[in-house]
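Q: sequence-free structure coming up:
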């Protein structure tokens with residue numbers, strides 16, 4: 001009898017463990033949060049339709065932050081909706097990263113030319129190293145510095161989610177980096193177009209600058225489209241060159257983490273997560289040219305839904321009071337990193353455009 005009781009207890013503990021990690025073993029716990037994210041995402045898309053300059057993904061983060069801090073919704077967000085929102089922030093983010101690969105064509109990137117590819121790669125590496133160093137200079141913890149550096153230098157919240165997975169960084173520790181990358185990317189939408197004429201940049205140079213320095217793909221589009229279609233075209237290709245570097249950067253981080261785990265005689269961790277391998281597979285599939293426009297459009301739409309729901313989930317974990325209390329140094333580090341990346345991106349733009 002004691003053995004049966006022990007097994008039953010262990011089974012119950014196991015089930016509670018799976019549910020506690022936000023996996024779909026207990027769907028009724030996830031549904032309230034997922035429905036909340038769906039309603040909020042519809043609102044973010046509606047705002048984007050009315051104000052096109054504001055990306056829907058940025059709106060999703062903002063709505064999550066508001067929902068978590070307004071008296072009328074905070075209790076729901078932190079209570080019944082929390083398991084589903086945590087699930088969205090972790091697992092839907094990974095699905096969105098896989099589909100992000102459908103936007104990246106190696107053929108388009110090769111059309112930039114080898115000089116541009118080398119320059120953009122240099123910007124990513126210098127941005128990563130410089131942002132990490134600045135964050136450590138401001139005494140931010142190493143995991144936070146790593147996530148901020150990844151998000152700022154590559155592709156915003158998507159890159160933060162990928163790096164957090166491969167380095168086994170807690171989901172809660174991704175909240176501040178996502179908030180910072182969203183804030184600085186939103187600043188770029190308003191500020192960079194104002195600097196185009198004072199800096200005497202051509203539309204091509206402005207587009208390349210935007211693609212090389214703005215964090216999220218949606219923010220790049222919102223910023224570059226103010227200078228016309230030529231600026232938008234080169235901005236997207238330069239940005240997607242940065243996105244393509246997500247896989248090798250995460251792979252290197254995975255090798256480093258696995259080496260440390262092996263040295264401590266822990267269970268070896270995967271070189272790269274399965275969803276990053278899925279991202280690479282989608283890049284390869286897009287690069288074949290086999291997929292019709294309708295499939296690519298559907299993939300882009302589904303990616304926006306998954307990432308938007310994930311970003312609402314992450315935004316809903318931000319408490320303004322805590323952020324103001326603990327995030328002052330992080331905000332200063334992020335602003336310094338944002339300036340560094342803007343300068344590096346400007347130098348790259350002047351090198352790769354006529």
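A: Good, I have the coordinates. Being a predicted model, the structure only gives us computed values, none of them experimental. Numbers count the residues shown, from 1 in each chain.
Q: same for the helix or strand containing residue 118, what does it pack against?
A: According to DSSP states H and E, residue 118 maps onto helix 114-137. When contacts are defined as 3 or more Cβ pairs under 8 Å, 6 or more residues apart in numbering; DSSP states H and E, helix 114-137 packs onto helix 142-150, helix 203-213, helix 229-244, helix 328-352. No exception for glycine: its C-beta is placed from N, CA and C like everyone else's.
Q: also compute the angle for it relative to helix 142-150, please.
A: If you take axes from the mean of the first three to the mean of the last three Cα atoms, to 10 degrees, helix 114-137 sits at 150 degrees to helix 142-150.
Q: give me the residues contacting helix 114-137.
A: Residues from elsewhere that reach helix 114-137 (Cβ atoms under 8 Å, 6 or more residues apart in numbering): 109-110, 112, 142, 144-146, 148-150, 152-154, 212-213, 238, 241-242, 245, 249, 330, 333, 336-337, 340-341, 344-345, 348, 351-352.
Q: may I see the helices and strands packed on helix 114-137 organised as TSV, with distance to residue 104 and mean neighbour count added?
A: Formatted as TSV, those follow (distance: least, Cβ to Cβ, whole Å; neighbours: other Cβ atoms under 10 Å):
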stretch	distance to residue 104	mean neighbour count
helix 142-150	17	23
helix 203-213	13	28
helix 229-244	5	23
helix 328-352	18	20
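Q: can you say which of these is nearest to residue 298?
A: helix 229-244 (18.8 Å; Cβ to Cβ).
Q: tell me what angle the closest one forms with helix 114-137.
A: Using the same axes, to 10 degrees: helix 229-244 against helix 114-137 is 60 degrees.
Q: now the closest residue in space to residue 43 that isn't next to it in sequence: phi and psi?
A: Sequence neighbours aside, residue 63 is the residue nearest to residue 43 in space, at 6.0 Å (criterion: Cβ to Cβ, 6 or more residues apart in numbering). For residue 63, the backbone dihedrals are phi -70, psi -40 (criterion: degrees, to the nearest 10).
Q: residue 63: what's it in contact with?
A: By Cβ under 8 Å, 6+ apart, the contact set of residue 63 is 40, 43-44, 312, 315.
Q: farthest pair within those?
A: Maximum distance among the contacts of residue 63 (Cβ to Cβ): 12.5 Å, for 43 and 315.
Q: now the spatially most central residue of the chain, nearest residue through space, not along the chain?
A: With the centre of the chain defined as its mean C-alpha position, the nearest residue by Cα atoms, centre = their mean is residue 157, 1.5 Å away. Residue nearest to residue 157 in three dimensions, not counting chain neighbours: residue 178, with 4.8 Å by Cβ to Cβ, 6+ apart.
Q: and the pLDDT for that neighbour?
A: Residue 178 is assigned a predicted lDDT (pLDDT) of 89.
Q: isn't it up against residue 150?
A: No - when contacts are counted by Cβ atoms under 8 Å, residue 178 is not listed as touching residue 150 (11.2 Å).
Q: overlap of the contact sets of those two?
A: By Cβ under 8 Å, 6+ apart, the residues touching both residue 178 and residue 150 are residue 160.
Q: check which residues of stretch 48-63 are buried.
A: Neighbour-count burial for stretch 48-63 flags 48, 54-63 (criterion: 16 or more other Cβ atoms under 10 Å).
Q: include pLDDT and secondary structure when you put the residues you listed into JSON lines, please.
A: Converted to JSON lines, those look like this (pLDDT from 0 to 100; DSSP: H, G, I helix; E, B strand; the rest coil):
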{"residue": "48", "pLDDT": "92", "secondary structure": "helix"}
{"residue": "54", "pLDDT": "86", "secondary structure": "coil"}
{"residue": "55", "pLDDT": "90", "secondary structure": "coil"}
{"residue": "56", "pLDDT": "91", "secondary structure": "helix"}
{"residue": "57", "pLDDT": "90", "secondary structure": "helix"}
{"residue": "58", "pLDDT": "89", "secondary structure": "helix"}
{"residue": "59", "pLDDT": "91", "secondary structure": "helix"}
{"residue": "60", "pLDDT": "93", "secondary structure": "helix"}
{"residue": "61", "pLDDT": "90", "secondary structure": "helix"}
{"residue": "62", "pLDDT": "90", "secondary structure": "helix"}
{"residue": "63", "pLDDT": "94", "secondary structure": "helix"}
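Q: what about residue 64, neighbour count?
A: Residues lying near residue 64 (other Cβ atoms under 10 Å) number 34.
Q: residues in contact with the closest residue to it other than its chain neighbours?
A: Spatially, and ignoring its direct neighbours in sequence, residue 64 is nearest to residue 315 (2.5 Å; Cβ to Cβ, 6+ apart). By Cβ under 8 Å, 6+ apart, the residues touching residue 315 are 60-65, 67-68, 178-179, 182.
Q: what do you get for residue 235?
A: By Cβ under 8 Å, 6+ apart, the contact set of residue 235 is 207-208, 210-211, 220-221, 223-224.
Q: against residue 278, how distant is it?
A: 26 Å (Cβ to Cβ, to the nearest Å).
Q: can you check residue 199 too?
A: In terms of Cβ to Cβ, residue 199 sits 39 Å off from residue 278.
Q: if you count surrounding residues, which of the two has more?
A: Taking other Cβ under 10 Å, residue 199 and residue 278 do not tie; residue 278 has more neighbours (17 against 14).
Q: could you find the closest non-adjacent residue to that one?
A: residue 98 (3.8 Å).
Q: was I right about that neighbour contacting residue 280?
A: No - checked against Cβ under 8 Å, the pair residue 98 and residue 280 is beyond contact range at 9.4 Å.
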